[in-house]
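*Asks:* Fold the following, please.
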Amino acid sequence: MVYSYYPGCTLKNKAQDLDRYARMSAEALGFTLEEIEEWQCCGAVYPQASDEIATKLSAVRALNDAKEKGQDLVTLCSGCHHVIKRVNDDMRNVEDIRTRANNYLALAEPYEGETEVLHFLEVLRDRVGFEALREKVVNPLTGRKIGAYYGCMLLRPSGVMAFDDPENPRIMEDFIRALGAEAVVYPYRNECCGGYISLKEKALAGSLVDQVMESARDKGAEELITACPLCLYNLKNSGAAKKLPVRYLTEILAEALGLSTK
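*Replies:* From the prediction side, this is the model:
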């Protein structure tokens, strides 16, 4: 199976591990991430202004590219996934935005939200299947106690993202269990880490990170995984609490599949 793949800016520099291990693991699991040609930055933040259109156009271009190839669009970065999924919802349901975007882009055929947007984890859960993934594991992560850190953007707004239960998600825990590790469920796994305020409000961001770390450690977690480059950076570099190791989910996937993670 071949999917159109939108990596996003950060996966080309600071978060290369998130990208590299995903591509390696995908091939080992029998599907291909085909990077979209000449993709553009998604803008990183979904614009809240109802009349904002310019910052949504790059997402529409990526979505339309996947449509023209007849492929679903896969993302990895939580921020990119959030923006592209919400813009796709706009193109399906908001006539004014759809009309203005199509008028501006002058596409051969109007884009109306036809592409299905999937996070890499959704491909593993819904297309590969966690049981099938379990059977592919050659290096089970037995004995490791891993906490999932969802953060904000994968889960909310829940009606649009439709990723998992925003209050009690389980997709990442099921993923961890499929790799043979113990999934540690802790209260702050779906709370904000303060990533977007880490430069302006360092003390507040630090206190949010401390809450996450203390919550995970109190429940027995020995390491955390995430899909968000901004969250990973903030969890590693903010706060005063004793830090747990934080890795990208694709890194432990590649490790469990017996692929090189050096």
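*Asks:* Contacts for the host helix or strand of residue 210 next, please.
*Replies:* Assigned by DSSP states H and E, residue 210 belongs to helix 202-218. Here helix 202-218 makes contact (CB atoms under 8 Å, 6 or more residues apart in numbering) with 147, 149, 184, 186-189, 191-195, 197-198, 224, 234-235, 238-244. Just so you know, the C-beta spots here come from the backbone N, C-alpha and C atoms, and that holds for glycine as well.
*Asks:* show me where this protein has strands.
*Replies:* Ranges of strands in the chain, per DSSP state E, are 2-6, 32-35, 73-75, 117-119, 145-148, 182-184, 223-226, 246-248.
*Asks:* Any buried residues in the helix holding residue 210, and which?
*Replies:* For helix 202-218, the neighbour count (16 or more other CB atoms under 10 Å) marks 205, 206, 208, 209, 210, 211, 212, 213, 214, 215, 216, 217 as buried.
*Asks:* Excluding chain neighbours, give the residue nearest to the residue nearest the centre of the chain in space.
*Replies:* When CA atoms, centre = their mean is applied to the chain, the residue found nearest the centroid is residue 78 (3.3 Å). Leaving aside its sequence neighbours, residue 78 sits nearest to residue 228 (CB to CB, 6 or more residues apart in numbering; 3.7 Å).
*Asks:* Next up, the contacts around the residue lying closest to residue 80 once chain neighbours are set aside.
*Replies:* Once flanking residues are discounted, residue 80 sits nearest to residue 8: 3.9 Å by CB to CB, 6+ apart. With contact set as CB under 8 Å, 6+ apart, residue 8 has these partners: 39, 41, 42, 75, 76, 77, 79, 80.
*Asks:* Could you pull up phi and psi at the first one?
*Replies:* Comment: the main-chain dihedrals of residue 39 come out as phi -70, psi 160, following degrees, to the nearest 10.
*Asks:* Same check on the fifth one?
*Replies:* Summarising the backbone geometry of residue 76 under the convention degrees, to the nearest 10, its torsions are phi -130, psi -50.
*Asks:* and residue 100, how many neighbours?
*Replies:* The tally of other residues near residue 100 (other CB atoms under 10 Å) stands at 16.
*Asks:* show me the contacts for it.
*Replies:* Neighbouring residues of residue 100 by CB under 8 Å, 6+ apart: residue 53.
*Asks:* Check the spacing between it and residue 87 real quick.
*Replies:* 13 Å (CB to CB, to the nearest Å).
*Asks:* Could you do residue 201 as well?
*Replies:* Taken as CB to CB, the span from residue 201 to residue 87 is 28 Å.
*Asks:* go on, residue 117?
*Replies:* 9 Å.
*Asks:* Overlap in contacts, the two.
*Replies:* Counting by CB under 8 Å, 6+ apart, the residues touching both residue 117 and residue 87 are residue 63.
*Asks:* just to revisit the earlier point, just name the closest of the contacts of residue 8 to residue 109, please.
*Replies:* residue 39 (19.6 Å; CB to CB).
*Asks:* Report the mean per-residue pLDDT for stretch 212-221.
*Replies:* Stretch 212-221 shows a mean pLDDT of 97.
*Asks:* Off-centre distance for it?
*Replies:* Distance of stretch 212-221 from its chain centroid, counting by CA atoms, centre = their mean, to the nearest Å, is 22 Å.
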